[in-house]
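1. quick one, structure for this:
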Amino acid sequence: MNNIEIFKKEHKFLYSAILVSFMLALPPFAVFLTVEELRLESFIFLLPSIFVIFIAWIANKTSAKHPKATKILSFVFNIFILIFVQIIISLCIFLLSLVWGTSGNFENVKDYKKALRKIDWQEKIAHFPKEIPADAKNVQLYQDYGSWFGSEGITLKFAIDREYIQNELNKYKYVKIVDYNYDVSPSLYIYDDNGRIKTIGCKAYIINDREHEKLEGHYFPYAYGFCVNEKQNEIIYFYSDPD
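-> Residues are numbered from 1 along each chain as shown. The predicted structure follows:
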């Protein structure tokens with residue numbers, strides 16, 4: 001009979017506590033491993049199980065000399081860890097981390113492809129380029145994702161020759177073409193990172209929006225398309241779904 005079998009036979013409660021602890025730890029640990037922003041935090045859920053094993057190790061050493069005290073203390077510590085730490089506290093950490101830990105934004109152009117992948121409504125960004133053109137100048141990016149209320153948006157701006165811009169515009173039909181001015185028309189909003197990405201003088205070519213698609217369950221105005229500043233030879237790809 002190996003050591004594990006001996007321990008299982010002599011300390012049924014401690015053995016059961018270890019099994020239950022890992023059963024509580026592994027599901028949230030596995031979920032967090034699949035979320036890029038939360039992979040490091042995933043190991044938090046294994047810490048209580050390590051303490052349960054440590055308690056079992058100490059109890060195995062002290063049970064021969066102090067059987068009653070060992071049973072009482074190991075029971076109290078294990079119940080505290082299993083119920084209070086792993087069920088109550090870990091559940092709170094799990095839920096709050098999924099809500100707040102998976103939200104964020106991208107500003108670095110090097111993260112462009114990663115920013116695209118973070119958008120839930122991929123069909124709303126089908127007009128975005130898969131790669132930023134090599135001859136694009138003054139490239140700017142802003143993307144917001146993972147909001148508690150479900151809002152998201154992405155803006156890509158750069159300067160390029162007029163032929164490129166016209167070719168992009170010719171690919172689509174538009175439900176509306178207007179001079180962009182959020183102060184005049186707040187139903188059309190382009191994420192500009194608090195004014196860092198300039199939209200002055202830009203004409204919006206709206207491929208579609210909530211007003212025209214009228215999708216059920218979408219209560220806030222969203223829109224996607226292009227915004228072009230012909231004087232500066234600048235094009236803005238945008239998708240905005242603010243709460």
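2. list the buried residues for stretch 194-206?
-> 197, 199, 202, 204-206 (16 or more other Cβ atoms under 10 Å). For glycine as for every other residue, the C-beta is placed from the backbone atoms N, C-alpha and C.
3. next: stretch 223-238.
-> 223-229, 234-238.
4. mind listing what's buried in the longest helix along the chain?
-> Secondary structure assigned by DSSP state H gives helix 12-33 as the longest helix of the chain. Across helix 12-33, burial judged by 16+ other Cβ under 10 Å covers 14-15, 17-18, 20-22, 24-25, 28-29, 32.
5. rebuild these as TSV, extending it with distance to I55 and pLDDT.
-> As requested, the buried residues of helix 12-33 are exported to TSV (distance: Cβ to Cβ, whole Å; pLDDT from 0 to 100):
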residue	distance to I55	pLDDT
L14	7	88
Y15	12	87
A17	8	91
I18	9	91
V20	13	92
S21	10	91
F22	14	91
L24	15	90
A25	15	89
P28	21	86
F29	20	87
F32	24	79
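6. can those go into a markdown table with extra columns for distance to Y180?
-> Below are the buried residues of helix 12-33 laid out as a markdown table (distance: Cβ to Cβ, whole Å):
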| residue | distance to Y180 |
| --- | --- |
| L14 | 67 |
| Y15 | 66 |
| A17 | 62 |
| I18 | 61 |
| V20 | 58 |
| S21 | 56 |
| F22 | 55 |
| L24 | 52 |
| A25 | 51 |
| P28 | 44 |
| F29 | 46 |
| F32 | 40 |
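7. and of those, the nearest to I53?
-> Checking the buried residues of helix 12-33 against I53 by Cβ to Cβ gives I18 as the nearest, at 6.0 Å.
8. quick one: that closest one and S49 touch, right?
-> Yes. Here I18 lies in contact with S49, judged by Cβ atoms under 8 Å, at a distance of 7.2 Å.
9. quick check: which ranges of the protein have low pLDDT?
-> Across the chain, residues meeting the criterion (pLDDT under 70) sit at 1-4, 6, 36-38, 96-104, 146-150, 184-186, 214-219, 243.
10. the strands in it, which residues?
-> With DSSP state E as the criterion, the chain has strands at 104-106, 137-145, 152-159, 176-179, 203-209, 223-229, 234-241.
11. with distance to S42 added, can I get those in TSV?
-> Compiled in TSV, the strands of the chain are given as follows (distance: least, Cβ to Cβ, whole Å):
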stretch	distance to S42
strand 104-106	17
strand 137-145	20
strand 152-159	24
strand 176-179	45
strand 203-209	38
strand 223-229	34
strand 234-241	29
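12. and Q122, which of those strands is closest to it?
-> Comparing those by Cβ to Cβ, strand 234-241 comes nearest, at 9.9 Å.
13. chain center to the closest one: distance?
-> 21 Å (Cα atoms, centre = their mean, to the nearest Å).
14. so which residues make contact with it?
-> Contact with strand 234-241 is made by 119, 121, 124-125, 127-129, 138, 150-160, 164-165, 168, 188-191, 197, 199, 202, 220, 222-229, as judged by Cβ atoms under 8 Å, 6 or more residues apart in numbering.
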